[in-house]
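S.K.: below is the sequence, then the predicted model.
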Number of protein chains: 2
Amino acid sequence: MTIGIVGLGLIGGSIGLALREPGRKIIGFDSDPKSVKTAIDRFCIDSEGTFEEVAKADVVFVAVPPLKVVSVLEELQKLKGPDTVFTDCTSVKSSVSEWAKTTQCPDFIVGHPMAGHENSGAAFASAWMYRGAKWILSPTKCTSKAALSKVEALVKAMGAIPVRMDATQHDHQVATLSHLPHAIAAALVQMRAEFEGEDVSGGSWKDLTRVGGVDPNLWTQIFMENRVELSKSIQDLEQRLAQIRQHLDTGNSAEIKKYLEQSRKAKKADK
Amino acid sequence: MTIGIVGLGLIGGSIGLALREPGRKIIGFDSDPKSVKTAIDRFCIDSEGTFEEVAKADVVFVAVPPLKVVSVLEELQKLKGPDTVFTDCTSVKSSVSEWAKTTQCPDFIVGHPMAGHENSGAAFASAWMYRGAKWILSPTKCTSKAALSKVEALVKAMGAIPVRMDATQHDHQVATLSHLPHAIAAALVQMRAEFEGEDVSGGSWKDLTRVGGVDPNLWTQIFMENRVELSKSIQDLEQRLAQIRQHLDTGNSAEIKKYLEQSRKAKKADK
């Protein structure tokens, strides 16, 4: 089986590492020669291919930034082999899902692995990054069952857990579960920067700001692509924070306690 | 050397584990017999002592909830041995610092280890919890140098890094660096609870909500004790989030990118 990977960054590189085994040939393409070199040096792919060669693989993973993904999918559909199945890894599904619905291509699966790293590039790729992670797949009415099961099998081979979810529901959920945490972390690190004196932060601060310095180019695209949902999610959090603040300002410890009890209950239910 | 620990929860229990070595005898006191049993079962202390016995130790660590700390310090000062040095571990310094300034006791050091865990109790205590953590000490004008160096030596023995900081500055800093992350996490887990469907969260969400279910009793006290500073800190974050939201609502990707670039810069400077 030949696996093609378009886009050899953190996501594409980790797919390559996670899928490497004797029975699979992994070829990759990236428009940036530096990314190709890193991916080869780190054994993420067996070899570089032209876009045309990669497009002919049995399964092609598209792991390019959000603004590029639709044009890559367009090209792939033109150049792919007759039995090639392809899937994407984009954090926001609106454009990709729109494209999938319009194109009605049975061999394409809308996808998104819920895993990443605060650093970008194949230099940080890891064979284990997808272990235990949910991998969202959003088949359309036109998606063939054979294509879906091929992609699901590879997702499982990477140690990830395939989850089927509607693309609209996906964008709504990731706005809160992924994009909001990144917005919070970005705001927090700026608050810290205005402090004077030695950094005395402990574990909770380190955890909440881990993703505070992610790639501005990539994350601007993600935020903008999901801006309606993300904006709602941010506003929701603002209102909840304002509520806590109001209890603090009025010295209402009973309400603070009630709030924290609800949170504890929610957290326990979430485990 | 005899070490006394008043309050055998996560913090006190971890101090015991971190300080255990043949040359030190560690005795502990807690008003709750269950906590004493857990601390003994987990080898956090060598033996239980009465409050009077623990008060006579060479160095006494007070690790009780914020609302109890001043009354415990009062008792300690009455019952302590002539050479006993004592220190606290409270997350908010205003009341303790006020007490220290009023009492002018040369043997007391205001202290706060910047480490913890999302679970509470000696059942989760760890000998390693303080390794590499900052341990804030806020000596007053009356604090004796001998007392300060005794406590600093023990802090270092636990693998922590003593940092001297004014109590007011401490409360200002921890409002943002510790209490704000807990408020955010508490709000986020409640947002998640209102979602339907399978949990597809990835690493960033898990990190940002790790402390979302902390002990409501303890954290209500912490929030209330530092409510003025925490309220300011929450409002600051709300304003920053509203700014991001405004850029999203107006579709201003240039400003989003600028924001994320500033965050990346701040994060890099913080490492």
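M.R.: Yep, that arrived.
S.K.: and the stretch 1-150 of chain A, which of its residues are near chain B?
M.R.: A:Met114, A:Ala115, A:Gly116, A:His117, A:Ala133, A:Lys134, A:Ile136 (C-beta under 8 Å from any C-beta of the partner chain). C-beta here means a position set from N, CA and C on the backbone, and glycine is covered the same way.
S.K.: make it 10 Å
M.R.: In this structure, the stretch 1-150 of chain A approaches chain B at residues A:67, A:112-118, A:129, A:133-136, judged by C-beta under 10 Å from any C-beta of the partner chain.
S.K.: out of those residues, list just those in strands.
M.R.: Judged by DSSP state E, those include A:His112, A:Pro113, A:Lys134, A:Trp135, A:Ile136 as members of strands.
S.K.: could you identify the most distant pair in these?
M.R.: In these, two members sit farther apart than any others by C-beta to C-beta. They are A:His112 and A:Lys134, at 9.1 Å.
S.K.: who has more neighbours out of these two?
M.R.: Comparing A:His112 with A:Lys134 by other C-beta atoms under 10 Å in any protein chain shown, the one with more neighbours is A:His112, at 28 against 21.
S.K.: identify the contacts common to A:His112 and A:Lys134.
M.R.: Here A:His112 and A:Lys134 share the contacting residues A:Val163, A:Met165, B:Val200, B:Gly202, scored by C-beta atoms under 10 Å, 6 or more residues apart in numbering or on different chains.
S.K.: check contacts around the spatially most central residue of chain A.
M.R.: Most central in chain A under C-alpha atoms, centre = their mean is A:Ser91, positioned 4.4 Å from the mean C-alpha point. Going by C-beta under 10 Å, 6+ apart, A:Ser91 touches A:11, A:65-66, A:69, A:112-114, A:116, A:170-171, A:174, A:178-179, A:182, A:218-219, A:221-223, A:225-226.
S.K.: run the last query once more with 8 Å
M.R.: A:Pro66, A:His112, A:Val174, A:Ser178, A:His179, A:Ile222, A:Glu225, A:Asn226 (C-beta atoms under 8 Å, 6 or more residues apart in numbering or on different chains).
S.K.: now swap in A:Leu19 and tell me
M.R.: Per C-beta under 8 Å, 6+ apart, neighbours of A:Leu19: A:Ile3, A:Ile26, A:Leu154, A:Ala157, A:Met158.
S.K.: among those, which one has the most neighbours?
M.R.: Neighbour max across those (other C-beta under 10 Å) = A:Ile26, 25 neighbours.
S.K.: which helix or which strand is home to that residue?
M.R.: Here A:Ile26 sits within strand A:25-29, counting by DSSP states H and E.
S.K.: please name the strands paired to that strand in the sheet, noting orientation.
M.R.: strand A:2-6 (parallel), strand A:47-48 (parallel) (DSSP bridges).
S.K.: let me know which of these is tucked in deepest.
M.R.: Most buried of those, by mean neighbour count (mean count of other C-beta atoms under 10 Å in any protein chain shown): strand A:2-6, with a mean of 25.
S.K.: tell me the angle of the helix or strand just after that strand relative to strand A:2-6?
M.R.: Reading on from strand A:2-6 to the C-terminus, the next helix or strand found by DSSP H and E is helix A:10-19. With axes from the mean of the first three to the mean of the last three C-alpha atoms, to 10 degrees applied, the angle from helix A:10-19 to strand A:2-6 works out at 170 degrees.
S.K.: need the helices for chain A, in chain order.
M.R.: Applying DSSP state H to chain A gives helices spanning A:10-19, A:33-41, A:51-55, A:66-79, A:94-103, A:145-157, A:167-174, A:180-193, A:203-208, A:216-225, A:227-249, A:253-270.
S.K.: export the ones you listed to JSON lines and tack on mean pLDDT and distance to B:Phe43?
M.R.: Shown next, in JSON lines, are the helices of chain A (pLDDT from 0 to 100; distance: least, C-beta to C-beta, whole Å):
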{"stretch": "helix A:10-19", "mean pLDDT": "98", "distance to B:Phe43": "41"}
{"stretch": "helix A:33-41", "mean pLDDT": "97", "distance to B:Phe43": "48"}
{"stretch": "helix A:51-55", "mean pLDDT": "98", "distance to B:Phe43": "58"}
{"stretch": "helix A:66-79", "mean pLDDT": "97", "distance to B:Phe43": "53"}
{"stretch": "helix A:94-103", "mean pLDDT": "94", "distance to B:Phe43": "55"}
{"stretch": "helix A:145-157", "mean pLDDT": "97", "distance to B:Phe43": "43"}
{"stretch": "helix A:167-174", "mean pLDDT": "93", "distance to B:Phe43": "44"}
{"stretch": "helix A:180-193", "mean pLDDT": "96", "distance to B:Phe43": "37"}
{"stretch": "helix A:203-208", "mean pLDDT": "93", "distance to B:Phe43": "23"}
{"stretch": "helix A:216-225", "mean pLDDT": "96", "distance to B:Phe43": "46"}
{"stretch": "helix A:227-249", "mean pLDDT": "98", "distance to B:Phe43": "38"}
{"stretch": "helix A:253-270", "mean pLDDT": "95", "distance to B:Phe43": "28"}
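S.K.: nearest to A:Ala125, of those helices?
M.R.: Of all the helices of chain A, helix A:10-19 sits nearest to A:Ala125, with 3.0 Å by C-beta to C-beta.
S.K.: sorry, back to before: just the buried members of the residues of the stretch 1-150 of chain A next to chain B?
M.R.: By neighbour count, with 16 or more other C-beta atoms under 10 Å in any protein chain shown, these hold A:67, A:112-118, A:129, A:133-136 as buried.
S.K.: between the residues you listed, which is nearest B:Asp83?
M.R.: A:Glu118 (48.7 Å).
S.K.: in this structure A:Leu248 contacts B:Arg227, no?
M.R.: Yes. With contact defined as C-beta atoms under 8 Å, A:Leu248 counts as touching B:Arg227 (4.1 Å).
S.K.: looking at the two, which is more packed in?
M.R.: Neighbours were counted for A:Leu248 and for B:Arg227 using other C-beta under 10 Å; A:Leu248 has more, 25 against 22.
S.K.: list the residues that contact that one.
M.R.: A:Ile256, B:Phe223, B:Met224, B:Arg227, B:Leu230, B:Ser231, B:Ile234.
S.K.: tell me the one of those nearest A:Glu75?
M.R.: Nearest to A:Glu75 among the contacts of A:Leu248: B:Ile234, at 47.7 Å, using C-beta to C-beta.
S.K.: any idea how far A:Glu261 is from that closest one?
M.R.: Separation of B:Ile234 from A:Glu261 (C-beta to C-beta, to the nearest Å) stands at 19 Å.
S.K.: neighbour count winner among the two?
M.R.: B:Ile234 (26 against 16).
S.K.: picking that back up, tabulate the contacts of A:Ser91 in a markdown table, adding columns for distance to B:Gln190.
M.R.: As requested, the contacts of A:Ser91 are exported to a markdown table (distance: C-beta to C-beta, whole Å):
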| residue | distance to B:Gln190 |
| --- | --- |
| A:Pro66 | 29 |
| A:His112 | 25 |
| A:Val174 | 18 |
| A:Ser178 | 18 |
| A:His179 | 18 |
| A:Ile222 | 24 |
| A:Glu225 | 26 |
| A:Asn226 | 21 |
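S.K.: what does stretch A:152-159 contact?
M.R.: Contacting residues not belonging to stretch A:152-159 are listed as A:3, A:15, A:18-19, A:59, A:111, A:113, A:128, A:130-133, A:135, A:137, A:161-162 [C-beta under 8 Å, 6+ apart].
S.K.: for the nearest residue to A:Gln77 once chain neighbours are set aside, give me the pLDDT.
M.R.: With sequence-adjacent residues excluded and distances taken as C-beta to C-beta, 6 or more residues apart in numbering or on different chains, A:Gln77 is closest to A:Cys105, at 5.9 Å. Note for A:Cys105: predicted pLDDT of 95.
S.K.: still on that earlier bit, which of the shared contacts of A:His112 and A:Lys134 sits closest to A:Asp46?
M.R.: B:Gly202 (27.9 Å).
S.K.: thank you, goodbye.
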